[in-house]
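Student: Curious how this folds, go ahead:
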Amino acid sequence: TNADNLIGKKAYVLQTITKWDKGLVKVNGTVWTAASRDGSDIPKKSECFIEKIEGVTLIVDADN
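Tutor: Residues are numbered from 1 along each chain as shown. From the prediction side, this is the model:
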């Protein structure tokens with residue numbers, strides 16, 4: 001797949017990501033499960049950046 005091409009791209013948060021719960025993000029028209037890189041909360045309707053991919057989960061950060 002071309003999943004590695006997502007690293008560094010911006011994603012839109014559809015479901016809030018918290019320290020305890022994964023959320024959902026949308027990137028390039030596809031919805032992915034996402035977790036915060038450092039455990040910080042990333043609120044719904046915000047943007048984040050994809051740091052890496054672990055399995056089928058994007059690891060994201062609110063700051064680039």
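Student: The residue lying closest to Asp4 once chain neighbours are set aside: what's it in contact with?
Tutor: Nearest residue to Asp4, sequence neighbours excluded (CB to CB, 6 or more residues apart in numbering): Ile53, at 7.0 Å. Quick note: C-beta positions are derived from backbone N, CA and C, even for glycine. For Ile53, the contact set (CB atoms under 8 Å, 6 or more residues apart in numbering) comprises 3-4, 6-7, 59.
Student: now swap in Trp32 and tell me
Tutor: Per CB under 8 Å, 6+ apart, neighbours of Trp32: 11, 24-26, 56-58.
Student: all strands for this protein, in order.
Tutor: 10-15, 23-27, 30-36, 47-54, 57-61 (DSSP state E).
Student: need the ones you listed in JSON lines with mean pLDDT, can you?
Tutor: Formatted as JSON lines, those follow (pLDDT from 0 to 100):
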{"stretch": "strand 10-15", "mean pLDDT": "98"}
{"stretch": "strand 23-27", "mean pLDDT": "97"}
{"stretch": "strand 30-36", "mean pLDDT": "97"}
{"stretch": "strand 47-54", "mean pLDDT": "96"}
{"stretch": "strand 57-61", "mean pLDDT": "97"}
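Student: Please list only the buried members of the contacts of Ile53.
Tutor: The neighbour-count test (16 or more other CB atoms under 10 Å) marks 6, 59 as buried among the contacts of Ile53.
Student: Serialize the contacts of Ile53 to a markdown table and add fields for distance to Cys48.
Tutor: Formatted as a markdown table, the contacts of Ile53 follow (distance: CB to CB, whole Å):
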| residue | distance to Cys48 |
| --- | --- |
| Ala3 | 16 |
| Asp4 | 18 |
| Leu6 | 12 |
| Ile7 | 13 |
| Ile59 | 10 |
